[in-house]
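Enquirer: only geometry, no sequence info:
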Ligand code: HEM
């Protein structure tokens, strides 16, 4: 790895990521050498074309982490292990035909979710959360709302009881932020999933887990459990951040603020703009080169780790010559990935319904909502990975619970 490597961490990923990615591209090109916690080297792919190449060629740029040429450097308690883990039997690390079968099983189980029922669950949980805060006239829409909503809806779809939701939220957040409580969070999640699988095996119901268990491709319990972990973790946090980042945009940008009182189109527009400009899936790990190759003028060695710089690629000046022109109804962004390992389409739809419902319920129930702090005092979680607000303090005229 080259000595010029940029640390993949630090305050600028929170405070000014757009400028940071511009500088990376200017100083290092579309494929930037980076170092992760513990001086572990990797490449961050911030070019749109290069990211297309990486995600479109799952054989050359594999999901198989066994290929990594840095395993000797990685301690057992490395905080990023839950995210860039040793090969686990989950869909994320499966390749080839078996991956296609597995993605099919998950897609089928999610596709069978009735969109009206889904909308109903999302509305019910959103209303419950708003009931808990609407009489006070002030709230933090991240801690009291966005971070509690997607997991509750997903837990319901998958087959969990409502009471298990809050424990799962804490465990997930700890795991995804990759800090000292990461491993404990992962353990809590895994135990809950194992229990749910056992319960549904004994007593099938009309839910996602029961449908996965009916799949005939012969996946083991361990494989299913790992997939459920992914579906919960990969589902909750980015959807919560999508809600938070979109509400922030609507509350701080006059183009949207003016329409808070009426225009529903503006919700979809804000959500799409967020996926281009302020995506929850800022950087995602990763792919491993299966042989020596070239990418964006860089020499990539067999076993090198490539991190998908989704936000960097979304704002690549090569595709964004006029920054505002592409956002509108255009969804050629990378926020859901691309290629065989992209976010499954039915999962994207579930996320969209949850996020959109979550935002609409806030606007319907708290029509004169406004930021309670100056916009420039809002802060992001200290993570170069999933991008979301630490808090979104708002005030509004108190209204009675439903
Ligand atoms: C209900 C919500 C969601 C569920 C259940 C879900 C589930 C999944 C699953 C199972 C995968 C792995 C696919 C594979 O390896 O074949 C995945 C990948 C991915 N998801 Fe989602 N997801 C959800 C929401 C989101 C949201 C809101 C975003 C971002 C805005 C997102 C971004 C991604 C990305 C970028 C990948 C690809 C990672 C890669 O290429 O390595 N997902 N998702």
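Expert: Thanks, I have it. The shown structure was predicted, so the numbers you read here are calculated from the model rather than taken from an experiment. Residues are numbered from 1 along each chain as shown.

Enquirer: confidence score at residue 322?
Expert: If you check residue 322, the pLDDT there is 63.

Enquirer: could you do residue 166 as well?
Expert: pLDDT, read off for residue 166, is 77.

Enquirer: chain center to the helix or strand hosting it, what's the gap?
Expert: If you go by DSSP states H and E, residue 166 is part of helix 165-177. Offset of helix 165-177 from its chain centre (C-alpha atoms, centre = their mean, to the nearest Å): 13 Å.

Enquirer: next SSE after it?
Expert: Assigned by DSSP H and E, the successor of helix 165-177 is helix 182-202.

Enquirer: quick one, phi/psi of the nearest residue to residue 166 once chain neighbours are set aside?
Expert: Spatial nearest neighbour of residue 166, chain neighbours left out: residue 148 (7.1 Å); criterion: C-beta to C-beta, 6 or more residues apart in numbering. In short, each C-beta sits where N, CA and C put it, glycine included. When read as degrees, to the nearest 10, the backbone of residue 148 gives phi -110, psi -20.

Enquirer: and if you look at residue 40?
Expert: The phi/psi pair for residue 40 (degrees, to the nearest 10) is phi -90, psi 120.

Enquirer: and the host helix or strand of residue 20, how far out from the chain's middle?
Expert: Counting by DSSP H and E, the element that carries residue 20 is helix 17-28. Centre-to-centre, helix 17-28 and its host chain are 22 Å apart (C-alpha atoms, centre = their mean).

Enquirer: also stretch 24-34?
Expert: 24 Å.

Enquirer: pull up the distance across that stretch, start to finish.
Expert: 10 Å (C-alpha to C-alpha, to the nearest Å).

Enquirer: got the buried residues for that stretch?
Expert: 24-25, 28-34 (16 or more other C-beta atoms under 10 Å).

Enquirer: how about the nearest residue to residue 62, chain neighbours excluded?
Expert: Per C-beta to C-beta, 6+ apart, closest to residue 62 is residue 290, 4.9 Å.

Enquirer: check residue 326 and give its pLDDT.
Expert: 54.

Enquirer: same question for residue 177.
Expert: pLDDT, residue 177: 66.

Enquirer: renumber starting at 40 from here on
Expert: In the new count, where the first residue is 40, that last one comes out as residue 216.

Enquirer: would you mark the buried spots in stretch 382-389?
Expert: In stretch 382-389, counting by 16+ other C-beta under 10 Å, buried: 382-383, 385-387, 389.

Enquirer: is it possible to export these to a markdown table including pLDDT?
Expert: Formatted as a markdown table, the buried residues of stretch 382-389 follow (pLDDT from 0 to 100):
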| residue | pLDDT |
| --- | --- |
| 382 | 96 |
| 383 | 96 |
| 385 | 97 |
| 386 | 98 |
| 387 | 97 |
| 389 | 98 |
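
Enquirer: so which of those sit within helices?
Expert: Here DSSP state H is the test, and the buried residues of stretch 382-389 give 385-387, 389 as lying in helices.

Enquirer: residues touching the residue nearest to residue 205, list them.
Expert: 168, 204-205, 208 (C-beta atoms under 8 Å, 6 or more residues apart in numbering).

Enquirer: by neighbours, which of those residues wins?
Expert: Counting neighbours by other C-beta atoms under 10 Å, residue 168 leads these with 22 neighbours.

Enquirer: so that one makes contact with residue 185?
Expert: No. Using C-beta atoms under 8 Å, residue 168 is not in contact with residue 185, being 9.3 Å away.

Enquirer: on that earlier part again, turn the buried residues of stretch 382-389 into a markdown table, including distance to residue 108.
Expert: Below are the buried residues of stretch 382-389 laid out as a markdown table (distance: C-beta to C-beta, whole Å):
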| residue | distance to residue 108 |
| --- | --- |
| 382 | 28 |
| 383 | 30 |
| 385 | 35 |
| 386 | 31 |
| 387 | 33 |
| 389 | 37 |
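
Enquirer: which ones, among those residues, also lie beside the ligand?
Expert: 382-383, 386, 389 (C-beta under 6 Å from any ligand atom).

Enquirer: give me the element the residue nearest the centre of the chain is part of.
Expert: Geometric centre of the chain, nearest residue: residue 277, 3.0 Å, by C-alpha atoms, centre = their mean. Assigned by DSSP H and E, residue 277 belongs to helix 260-291.

Enquirer: same deal with residue 248?
Expert: Here residue 248 is assigned to helix 247-252, by DSSP H and E.

Enquirer: anything in that helix near the ligand?
Expert: No. If you take C-beta under 6 Å from any ligand atom as the test, helix 247-252 misses the ligand, and the best it gets is 9.0 Å.

Enquirer: quick check: buried residues in that helix?
Expert: By 16+ other C-beta under 10 Å, the buried positions in helix 247-252 come out as 247-252.

Enquirer: from the residues you listed, pick the one nearest the ligand.
Expert: Using C-beta to the nearest ligand atom, residue 247 is the member of those that sits closest to the ligand, with 9.0 Å.

Enquirer: correct me, but that closest one touches residue 197?
Expert: Yes. Between residue 247 and residue 197 there is a contact under C-beta under 8 Å: 4.7 Å.

Enquirer: joint contacts of these two?
Expert: With C-beta under 8 Å, 6+ apart, residue 247 and residue 197 have common neighbours residue 270.

Enquirer: residue numbers of the stretch 190-339 of the chain in contact with the ligand?
Expert: 193, 269-270, 273-274, 277-278, 281, 318-320, 323.

Enquirer: now with 8 Å?
Expert: Contacts of the stretch 190-339 of the chain with the ligand, taken as C-beta under 8 Å from any ligand atom, map to 193, 266, 269-271, 273-275, 277-278, 280-281, 314, 318-320, 323-326.

Enquirer: low-confidence stretches in the stretch 140-289 of the chain?
Expert: 215-217 (pLDDT under 70).

Enquirer: which parts of the stretch 290-439 of the chain are strands?
Expert: Counting by DSSP state E, counting those that start in this stretch, the stretch 290-439 of the chain has strands at residues 323-328, 332-334, 337-339, 344-347, 409-410, 432-434.
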